[in-house]
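Student: Pasting the sequence and the predicted coordinates here, then a few questions.
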Amino acid sequence: MAQEMRQARVDELVDPIAQHPGYDATESKIALWGHPLHAMTVAFPVALTFCAFGADALYLLSGETFWARAGVWAAGTAFLFGLAAGATGTMELLMVRGIRIRAPAWTHFVIAVLLLSLLGANWGYRIQGYEAAVLPYGILLSGFNVLMVMATGWHGGKLVFDYRLGTSKGS
Amino acid sequence: MIPWLEPSIPHLKALHITTLGLWCAGLFALPLMLARHDPAIGQLDYARIRRATHYGYTFVVTPAGVVAIASGTLLIFLREVFVLWLFAKLVCVALLVGFHAWVSYIIVAAAETPGAHRPPEPLLPTLALTLLILAILSLVLAKPELGVIPMPRWLEQPWGVQLPFDVPSR
């Protein structure tokens, strides 16, 4: 009985945020003919973050200077392409009403900005001496960055797969 | 590292400290506000809690966190602090961001399962948050020499394995 009453009340509760005009206006605005630029650009920093860790692992294995140089380039380009992907994502978040109003979009934002900070630290540390930087702290940073890029990517994917944000036609 | 931006360091630091203060305060406030959501809630209270926590999260606390981290990143490059205590601090900030994401899950649960969702008791999480913030403050203020912490030997030297393929020698 109490259960039923509670159920009845649950059905009556209306979320004021979902009533907001524009809540469903989630179509991407930063796009080329409907294909969102953010989804296109994030592939680069994500892959390069893994590359930096891979290069560090190969340096640990072999000690070849080549891999330390590959590491500094992968870490640097991960950061710079990350800034570009961050710019498209930030514009999308701020300009599209249906994305700006959703809490999970902001969660992805703050995790991604921290990831950029870590990617920048990994690069800046290496340009002071790319070979000495790898062992042991460079590889630890790269490994942590891989974990962070997975957390960021998962939360970004959640926006697309669960809420269909930033897609061409909205949901 | 970026000479023409160097005069802005004090301003960036002021911005960094102001926004991180706002961010951390919000991380304490949001779980306490969300704890008011319970199964016996009526529409008026529900709408009030939703508006306060949602707009607080999306338009105050998260932007403050973003600005704090972004200005901090710029400061890292301007002051060239690529040192161990900073890396340790960034890992602690990652945990802080984890706490932030946990708060967002409660907000989403309150939005998507109105009335049915039971928010977590905020006492222990906010205690953990206090410890985390104290750890971050200790790292940045004391700047401890973390290089003395021993690393495993297998991580300090290359293993000298011959790879089954050639790489350029220079």
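Tutor: Cool, the structure landed.
Student: can you pull out the strands in the chain?
Tutor: As the question left the chain open, I've gone with chain A. Along chain A, the stretches classed as strands by DSSP state E are A:31-32, A:35-36.
Student: nope, chain B
Tutor: Using DSSP E, no strands are assigned anywhere in chain B.
Student: chain center to stretch B:151-168: distance?
Tutor: Distance of stretch B:151-168 from the chain centroid (CA atoms, centre = their mean, to the nearest Å) equals 34 Å.
Student: near chain A at all, it?
Tutor: Yes: using CB under 8 Å from any CB of the partner chain, stretch B:151-168 comes into contact with chain A via B:151-152, B:155-163, B:167-168. All C-beta atoms are positioned from the backbone trio N, CA, C, and that covers glycine.
Student: Let's test this: name the helix or strand in chain B with the lowest mean pLDDT.
Tutor: helix B:43-56 (a mean of 93; mean pLDDT, DSSP states H and E).
Student: give me the low-pLDDT residue ranges for the chain?
Tutor: Picking chain A for this. Residues of chain A meeting the criterion pLDDT under 70: A:1-11, A:168-171.
Student: that answer is for a different chain, and I need it for chain B
Tutor: Low-confidence regions of chain B, defined by pLDDT under 70, span residues B:170.
Student: neighbours of B:S169, just the number please.
Tutor: Number of residues near B:S169 (other CB atoms under 10 Å in any protein chain shown) recorded here: 7.
Student: Check the gap between it and A:R69 for me.
Tutor: 11 Å (CB to CB, to the nearest Å).
Student: With A:F50 instead?
Tutor: 17 Å.
Student: again with B:L84
Tutor: B:L84 is 23 Å from A:R69, where distance means CB to CB.
Student: Please apply the same query to A:T167.
Tutor: Distance, A:T167 to A:R69, by CB to CB: 39 Å.
Student: contacting residues for the closest residue to chain A within chain B?
Tutor: Going by CB to the nearest CB, chain A is nearest to B:P158 of chain B, at 3.0 Å. B:P158 is in contact with A:Y59, A:L60, A:L61, A:S62, A:G63, A:L135, counting by CB atoms under 8 Å, 6 or more residues apart in numbering or on different chains.
Student: Which parts of the chain are helices?
Tutor: This is for chain A. Assigned by DSSP state H, chain A shows helices spanning A:2-12, A:37-41, A:43-62, A:65-95, A:97-100, A:103-126, A:139-161.
Student: not quite, I wanted chain B
Tutor: For chain B, the helices defined by DSSP H cover B:9-34, B:43-56, B:62-79, B:84-112, B:123-142.
Student: Now stretch A:102-114 - C-alpha only, CSV.
Tutor: Output of stretch A:102-114 as CSV, limited to C-alpha atoms (Å, rounded to 0.1, in the frame of the first residue of the first chain):
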residue,chain,number,x,y,z
ARG,A,102,23.0,18.6,-19.2
ALA,A,103,25.1,17.8,-16.2
PRO,A,104,27.0,14.8,-17.8
ALA,A,105,28.3,17.1,-20.5
TRP,A,106,29.9,19.3,-17.9
THR,A,107,31.3,16.2,-16.1
HIS,A,108,33.1,15.2,-19.3
PHE,A,109,34.4,18.8,-19.6
VAL,A,110,36.1,18.9,-16.3
ILE,A,111,37.7,15.5,-16.6
ALA,A,112,38.9,16.4,-20.1
VAL,A,113,40.5,19.7,-18.9
LEU,A,114,42.3,17.8,-16.2
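Student: Whether it contacts chain B - can you check?
Tutor: Yes: under the criterion of CB under 8 Å from any CB, chain B is reached by stretch A:102-114 at A:R102, A:A103, A:P104, A:W106, A:T107, A:F109, A:V110, A:I111, A:V113, A:L114.
Student: quick one: which of the strands of chain A is nearest chain B?
Tutor: Nearest to chain B among those is strand A:35-36; the distance by CB to the nearest CB comes to 20.4 Å.
Student: So what are the sheet partners of the closest one and their directions?
Tutor: Strand A:35-36 pairs in its sheet with strand A:31-32 (antiparallel), by DSSP bridges.
Student: Which two of the residues of stretch A:102-114 next to chain B have the greatest separation?
Tutor: Largest separation among the residues of stretch A:102-114 next to chain B by CB to CB: A:R102 and A:L114, giving 19.5 Å.
Student: For the two, indicate the residue with more neighbours.
Tutor: Under the criterion of other CB under 10 Å, the comparison of A:R102 against A:L114 puts A:L114 first, with 27 against 24.
Student: Skipping adjacent residues, who's closest to the more buried one in space?
Tutor: Computed as CB to CB, 6 or more residues apart in numbering or on different chains, the closest residue to A:L114 that is not its neighbour in sequence is B:V97, at 4.9 Å.
Student: List the contacts of the one you found.
Tutor: For B:V97, the contacting residues are A:V110, A:I111, A:L114, B:G65, by CB under 8 Å, 6+ apart.
Student: Against A:A103, how distant is it?
Tutor: According to CB to CB, B:V97 stands 15 Å off from A:A103.
Student: swap in B:K143?
Tutor: As judged by CB to CB, B:K143 and A:A103 stand 35 Å apart.
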